[in-house]
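Peer 1: Turn this into a model:
(one chain, ligands or ions: 1)
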Amino acid sequence: MSRKTLIVANWKMHLNVHEASLLVHRLSERIKVHRSIEIVLAPSMLSLQPLSQEIDRRKFRLSAQDAYFQDEGPYTGEVSFTMLRDLVHYSIIGHSARRVYFNESLELIRDKVQAAVRNGIVPILCVGETKEERLAGETKQIIHDQVTTALSNLTAEDIEQVVIAYEPIWAISTFEGEVAKPDDMKKAMKYIRFQIAELYGQHVADKVRLLYGGSVNEHDARAYLEIEGCDGVLVGAASLNYHQFSAIVASAERMNSERRNPSRND
Ligand code: PGA
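Peer 2: Numbers count the residues shown, from 1 in each chain. Next up is the predicted model:
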């Protein structure tokens, strides 16, 4: 079973259109076309349209950071997945910032996941526990509730396409930003795939791509990428810096090439 490595840059509410375009330009100079890696950029809503005309599509794909679940209507201030359909491949959904700052419920996230799929956009569903929940031993329960509710309106076939990012909230740079030991992350990620297998079968679980996110930088990216069953990383702060982000891509490429040619590295 081979799943393509996925590296997602979540620029959050940083970079205006000009700055975003400049960053893409810089990344494009440093990043080659990698057959074994898919690189996804998630700029602000405003930058999606201009970047869609600028990016080298062999190197980059675009993602929204969020969108609204209704296709159209009197929802002042919102943008729908329908409006994004030809613009992006992916959309982050249920990011902890949405859950924490905007009180997004499990059900709203479920509706957004469904709307993305309905519009041909692949959800990058973010799940993860708070520090309190972790200390209270509730990590599995939280992940279970977040995963099962979010996917509950999809078919098994839809779920094969979904990307799930495990992002313990306490490890995200803008929350506590604590360093999460890759070995400790393994359990939660294994549990997510186990959950999918339980609900939708091993065949589906084998296809779902699982990412790790939370203060990933160029020094530790490889350790997270090496977690068993981990297919990539979701990068926030370090993705705003082209040196750091291209170094993360380079370390993924190195790892993949070592896996392809183990003998060369003996
Ligand atoms: P971080 O952000 O890498 O800055 O911790 C990750 C995220 O919030 O998706």
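
Peer 1: Residue 122 contacts residue 93, doesn't it?
Peer 2: No - with contacts counted by Cβ atoms under 8 Å, residue 122 stays clear of residue 93, the gap being 9.9 Å. Every C-beta, even on glycine, is put in place using the N, C-alpha and C of the backbone.

Peer 1: The two: who's more crowded?
Peer 2: Shown here are residue 122 and residue 93; by other Cβ atoms under 10 Å, residue 93 has more neighbours (32 against 20).

Peer 1: Give me the pLDDT for that one.
Peer 2: pLDDT recorded at residue 93 is 98.

Peer 1: ranges for the helices of the stretch 51-200 of the chain?
Peer 2: 81-84, 96-101, 106-118, 131-135, 139-151, 156-161, 182-200 (DSSP state H, counting those that start in this stretch).

Peer 1: Identify each buried residue in the fourth one, please.
Peer 2: Meaning helix 131-135. Neighbour-count burial for helix 131-135, counted by 16 or more other Cβ atoms under 10 Å, picks out 133, 134.

Peer 1: Could you check how far the residue nearest to residue 156 when sequence neighbours are not counted is from residue 244?
Peer 2: Distance criterion Cβ to Cβ, 6 or more residues apart in numbering; nearest residue to residue 156, sequence neighbours excluded, is residue 200 at 4.4 Å. The gap separating residue 200 from residue 244 is 36 Å, by Cβ to Cβ, to the nearest Å.

Peer 1: more neighbours, these two?
Peer 2: The neighbour count for residue 200 versus residue 244, taken as other Cβ under 10 Å, is higher for residue 200 (20 against 17).

Peer 1: Of all residues in the protein, which one is closest to the ligand?
Peer 2: residue 236 (2.1 Å; Cβ to the nearest ligand atom).

Peer 1: Pretty sure that residue sits against residue 213.
Peer 2: Yes - between residue 236 and residue 213 there is a contact under Cβ under 8 Å: 7.2 Å.

Peer 1: Quickly list what's touching both of those two.
Peer 2: Here residue 236 and residue 213 have 10, 172 as joint contacts, going by Cβ atoms under 8 Å, 6 or more residues apart in numbering.

Peer 1: picking that back up, for residue 122 and residue 93, list the residues in contact with both.
Peer 2: What both residue 122 and residue 93 touch, as defined by Cβ under 8 Å, 6+ apart, is the set residue 116.

Peer 1: can you pull the contacts of residue 110?
Peer 2: 149, 150, 151, 152, 153.

Peer 1: Buried subset of those residues as a PyMOL selection?
Peer 2: Applied in PyMOL, the following selects the buried portion of these according to 16+ other Cβ under 10 Å:
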select buried, resi 149+150+151
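
Peer 1: So which of the contacts of residue 110 is the closest to residue 47?
Peer 2: residue 150 (26.2 Å; Cβ to Cβ).

Peer 1: How about the residues of the chain by the ligand?
Peer 2: Residues of the chain found near the ligand (Cβ under 6 Å from any ligand atom) are 10, 167, 172-173, 213-216, 234-238.

Peer 1: what about residue 6, which SS state?
Peer 2: Under DSSP: H, G, I helix; E, B strand; the rest coil, residue 6 falls in the strand class.

Peer 1: So what pairs up with the closest residue to it other than its chain neighbours in the strands?
Peer 2: With sequence-adjacent residues excluded and distances taken as Cβ to Cβ, 6+ apart, residue 6 is closest to residue 232, at 3.5 Å. Under DSSP bridges, the beta-bridge partners of residue 232 are residue 6, residue 211.

Peer 1: I figured residue 232 was touching residue 7, is that so?
Peer 2: Yes - counting by Cβ under 8 Å, residue 7 is a contact partner of residue 232 at 5.4 Å.

Peer 1: Give me the common contacts of those two.
Peer 2: Going by Cβ under 8 Å, 6+ apart, residues that sit against residue 232 and also against residue 7 are 38, 252.

Peer 1: re the thing from before, quick one: the residue lying closest to the residue of the chain closest to the ligand once chain neighbours are set aside and residue 195, what's the gap?
Peer 2: In this structure, residue 236 finds its nearest non-sequential neighbour in residue 10, 5.0 Å apart by Cβ to Cβ, 6+ apart. To residue 195, residue 10 is 24 Å away according to Cβ to Cβ.
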